[in-house]
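Chemist: how does the following fold in three dimensions:
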Amino acid sequence: MADKLSALTGQPQGAESLPQEEVPAMQVTVEKSEPRVVITQLSISGMTCSSCTSAITSALMALPGVASVDVSLISHSAAVSHDENSISAKKLADEVEDIGFDAQVVSSKPLHADEEEKEKRMRSYFAIEGMTCSSCTSTLTQQLSPLPSVTDLDISLRTNSASLTHDSSLLPIQKVLEAIEDCGFDATFVRSEPLAGDDGETGGKKAKGKGKARREVTLRIEGAKDGDARAGVLSALSALGVKVLSPPSSAPDLFTLSYAPTPELTIRTIFASLPPPLSGTLYRPPTLSELARKSQLKELHHRLLAFSLSFLFAIPTFVIGIVGMLLLPSSNRLNIWCMAPAWGGATAGTLFLFALATPVYFVLAARTFHYHAYQALRAAVRRHPFRLWHLISFGNMDTLVSLSITVAYWSSIGMMARDISLGSGNGTGATYFDSVVFLVFFILMGRSLEARARVMTGDAIALLGTLRPETADLVAFEPSIPIDEAGEKLPPSVEDGTQTQSLRTQAIPMSHLELGDRILLRPGSLPPADGILVSGSTTFDESSLTGESVPVPKLPGDEIWTGTTNLSSACVVEVVALGEGTMLERIVRAVGDAQGRKAPVELLADRITAVFVPVIIWLSLVVLVIWLGCALTNAVPESYLSASDLGGGAGATVNTKANRVFFSFEFMIAVLVVACPCGIGLAAPTAQAVGAGLAAKMGVLAQGGGEAFQLATQVDTVVFDKTGTITVGETKVEDAHFLDGEEKGWVREAVRVIEEGSSHPLGAALRTFCEFGEGGVEVLHSEEVAGRGAKGTVNVRGSKYEVVIGNEAFMGESEAQWPAGKDKRAEIQLWKTEAKSVVLVASRSVPEIGSPKEFTMAALFSISDSPRPDSADAIATLRKLGKDVWMLSGDNEITARAVAKRVGIDEDHVIAGVLPQEKADHIRGLQAGGQRGARTTGWTTTLLHKLGLDKGQKHDDKAVVLFCGDGLNDSAAIAAADVGVALGHGSQITVAAADFIILSSSLSTLPSLLHLATRVYRRQKQNFGWALIYNCAALPLAAGVFYAAGHVRLPPVWSALAMALSSVSVVMSSLALRWGL
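Modeler: Next up is the predicted model:
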């Protein structure tokens, strides 16, 4: 394909090209006109099997100018890359019809658009079913890592998901799915995101200054699977001016559309335009969190079913194998029946246990363990070329379980066959059939408890997903009247005497909402979309998003978010964001994505579990060899051997060579069963998942994942931005002086028009204050000067003036002078001591001939921005925790110090007058010059450092710096800090760069966040330590290291129970975080 495309596009070098004789039909055409390579999508009906697709492919590939053909039997479509100058799209359809199929052109798009898209590196997300332990993640990692262009691979056992970065042109999504399924897991593609994000707003959210928002939606149209129906749909959409972005592919009834919503063109209009009997619904692809929860619930259902069935087999096995054959005296009737020979030397109890163990082994174990073990080994065998390290990088937890019960079952078959051959009265009655049943029973019990606990770790995020109403009350006419608390219209105002429209509503499905719609929110209702309050005033409960239960008052112009609750009065809201663009969806998505970002301790667990299974398998073989050598050479005294050790009944003989072999196998089985990589693999991600849920409850998005949690525990220095972070950010002019009374009117108006486009809080305050200035001022030029202010040229009744607005440094650079007798520097100093920001205005006339005069001060303003009510308490708490607190501000030093003094920051910890690009340099300076607090380096930290798994972690005496800000000018500082925290009201770039986002914008949440991070990391280390200690203690017991000391060991059955409780205890330990334990 690449060769033929090179010939079509005429690229001379950089790719191999076909010999000229292979494309003779195209040579004349190419010489006459420039090739125009397009991708044509055909809708084809009549295909029934793969032979049909092969016939169509062969026919189209034989045509001149065709470079590639991709025919899909499932979607009844074909994608053809061809030179439009050589063959038209219609001729392609005609060729398909000539061989007996119906074909219709869906679209033809230039190739370059697709190539540009393919050149982007993508971040793709997948939901995976069937992962049971961390060995599964290791198997997938080994399978996916070698794929072309794959980088930054994350496999999450907690969320049953995988994410990776890849080049879609080198590695299509289908190849990734096939690689996952080759390992024996079911995979579902969730989404792909270009690494270079666009400027658009997700979900159709309108961006300021970017014009009319476009909305992109996917519709599922019932009945549109055949060619005629799809043609009718495309025709109807075309008539509306709706752009079809992509034709149906894997799901032929899905259509992705793009359009600009207007009152005449809404999603409801599109649904109504579909030709009958077709009907459409808005298709909302499930999020990664939803797919993970669905997979977890499905896994829990399967495990509970399997556990229930194993329980039915475990009861009679216990009665016969344990009670009847071991616990009851030989005079008991049940014991007599169990030990009576029934077939040769095989007892009735042995045959009964054989009948119970066989369906458990071939049915329950086959579906639960054998299949996944086979797939893991198959994936390991298929790796080429062979490397020595492959010997310690294969298998998963199911491999251990499958191998152990296989050894137990087939060795029991051998023991039973030997008893049968010995004749009546000569059998030992010693088998492991009961162990087979109990092994499966205990392991399934542990996995069921573990699955239930893993579901519980995501309950907090799942609860957010339920805060979506199914319907909305659409306002039929724009309300021009007030509404009462119940949502009913009030009578027209007597004073204005105008006639108002009635407020009529219509209940519609949430999927039928459109951008710009106005909806009525009644008291107690949940917003179905993000919006702006346009009528009425009320209070909202935002505790589900911010963690604060205090009602938040809302007035016209305020933002309303999904996931909140209207408390007091009915109001009308204009929809500005739908679907994935809403606050609720962003939270759920951010938390789900963050769980794939692993902490260093989790990377350590992954490295251990990657080799854990093969090491245990080789260890079990070593144990078997050692015990066989000891048993068969009579190094094991006969006193070590007993019938109870072998599962035999009373009177069984145990001193034969065969029994010594079976005795040795017990230790091998116990080692295979007791080893538990699950606890190691679950130690970090379960605690992180619970921590993310707790953070979401307190109004914090932990989008930095496990690494951010771990770094937050090491924070020594906390740095705050001033404006909008420590202070409220709602600036207002407190004092104003115009130094030339006669020009007061035009100066005020000039300040307003120059600051019109400013996004700075001080500029907004000036605009509001100067709103009622004198008219007749025309702005000829204006621009912002970063870190200084703004300047511009204005025309005032035919005279031109240059005006500069900004701080004292800007005035000094402009060489502005004070008018005679009007020096206000003393007053400026007074304002600064009162924590007010100072803005100065200077102007000069611009003559038509000659040079302009010097700038003269024309006005000065003091602007105040009060500290947040909780700033002082939050900073005091941080200092009590031993944190070094700093302020980093672009404001002047006197004002910054005055604010710092009010909130409890030392004057020598204030860095003021900093330009935006300098903030990151000061953060790096604090990192290099700061001193870390005294702390003890834990064993996990040391181990991570030795293994090189602690990227980003600090091991020197430098400070770990957390920076908290909100503005666009803070984004570089947030990125430079070890831990970046953004306030929820901040700019999108700042929020995107942050590790944590405080949705409530309340600084009191920050100490709680640091405390939570410490709890999460401490619990991760505890879980990890417990899992390691368990394996280090249980393996020697199972291997029989202490058997000489009073026959101390772990039989296979008890090994299975211990293994099950190990992983369950780790998950329950993580869940204990939710209960404050």
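
Chemist: any chance you could map the helices in the stretch 201-350 of the chain?
Modeler: Listed in chain order, the helices of the stretch 201-350 of the chain (DSSP state H, counting those that start in this stretch) span residues 227-240, 267-273, 288-317, 333-339, 348-359.

Chemist: look at Tyr283 and say how many residues are nearby.
Modeler: As a burial measure, Tyr283 scores 16 neighbours (other Cβ atoms under 10 Å). For the C-beta atoms, the positions are set from N, CA and C on the backbone; glycine is no exception.

Chemist: that one contacts Thr218, correct?
Modeler: Yes. Tyr283 is within contact range of Thr218, at 4.4 Å (criterion: Cβ atoms under 8 Å).

Chemist: where do the contact lists of these two overlap?
Modeler: Leu254 (Cβ atoms under 8 Å, 6 or more residues apart in numbering).

Chemist: ok, back up a step: quick one: closest of the helices of the stretch 201-350 of the chain to Asp970.
Modeler: For Asp970, the closest of the helices of the stretch 201-350 of the chain is helix 288-317, at 28.9 Å, according to Cβ to Cβ.

Chemist: tell me what angle that closest one forms with helix 348-359.
Modeler: Here the directions of helix 288-317 and helix 348-359 differ by 160 degrees (axes from the mean of the first three to the mean of the last three Cα atoms, to 10 degrees).

Chemist: any idea of the mean pLDDT in helix 288-317?
Modeler: Regarding helix 288-317, the rounded mean pLDDT is 82.

Chemist: next one: stretch 570-590 to chain centre, how far?
Modeler: 18 Å (Cα atoms, centre = their mean, to the nearest Å).

Chemist: for the stretch 551-700 of the chain, what spans make up the strands?
Modeler: 552-554, 559-560, 565-566, 571-577, 700-701 (DSSP state E, counting those that start in this stretch).

Chemist: turn these into TSV, columns for mean pLDDT.
Modeler: Formatted as TSV, the strands of the stretch 551-700 of the chain follow (pLDDT from 0 to 100):
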stretch	mean pLDDT
strand 552-554	83
strand 559-560	86
strand 565-566	86
strand 571-577	89
strand 700-701	80
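
Chemist: quick one: which of these is nearest Ile680?
Modeler: strand 700-701 (28.2 Å).

Chemist: which strands or helices does the closest one pack on?
Modeler: Packing partners of strand 700-701 (3 or more Cβ pairs under 8 Å, 6 or more residues apart in numbering; DSSP states H and E): helix 583-594, strand 996-998.

Chemist: what lines up beside that strand in the sheet?
Modeler: strand 996-998 (antiparallel) (DSSP bridges).

Chemist: so for the strand it pairs with, what's the average pLDDT?
Modeler: 84.

Chemist: after that strand, next one along is what?
Modeler: Downstream of strand 996-998, the next assigned helix or strand under DSSP states H and E is helix 1005-1039.

Chemist: mind listing what's buried along that next one?
Modeler: Neighbour counts over helix 1005-1039 (16 or more other Cβ atoms under 10 Å) mark 1005-1010, 1012-1017, 1019-1021, 1023-1024, 1026-1028, 1030-1031, 1034-1035, 1037-1039 as buried.

Chemist: burial check on Ser799, number of neighbours?
Modeler: A count of neighbours around Ser799, defined by other Cβ under 10 Å, yields 12.

Chemist: make that Asp182, sorry
Modeler: Counted with other Cβ under 10 Å, Asp182 comes out at 13.

Chemist: Glu730 now?
Modeler: Burial of Glu730 is recorded as 12 neighbouring residues (other Cβ under 10 Å).

Chemist: what's the spacing between it and Ala764?
Modeler: 9 Å (Cβ to Cβ, to the nearest Å).

Chemist: hey, what's in contact with both of these two?
Modeler: By Cβ under 8 Å, 6+ apart, no residue touches both Glu730 and Ala764.

Chemist: now do the helices in the stretch 851-1000 of the chain.
Modeler: Using DSSP H, counting those that start in this stretch, the helices of the stretch 851-1000 of the chain run over 871-880, 893-903, 916-929, 939-947, 971-976, 988-993.

Chemist: least reliable of those helices by average pLDDT, please.
Modeler: Checking each of those, the one with the poorest mean pLDDT is helix 939-947, at a mean of 50.

Chemist: let's see the pLDDT reported for the closest residue to Arg504 other than its chain neighbours.
Modeler: Take Arg504 and drop its neighbours on the chain: the residue closest to it by Cβ to Cβ, 6 or more residues apart in numbering is Ala476, 4.2 Å away. The model reports Ala476 with a pLDDT of 71.

Chemist: Ala476 touches Gln506, doesn't it?
Modeler: Yes. Proximity of Ala476 to Gln506 meets the contact threshold set by Cβ under 8 Å, at 5.7 Å.

Chemist: picking that back up, which of the helices of the stretch 201-350 of the chain is buried the deepest?
Modeler: helix 348-359 (a mean of 21; mean count of other Cβ atoms under 10 Å).

Chemist: show me what that helix is packed up against.
Modeler: helix 288-317, helix 333-339, strand 341-343, helix 397-422, helix 433-457.

Chemist: for stretch 253-268, list every residue counted as buried.
Modeler: Quick answer for stretch 253-268 (16+ other Cβ under 10 Å): 253-257, 259, 261, 265-268.
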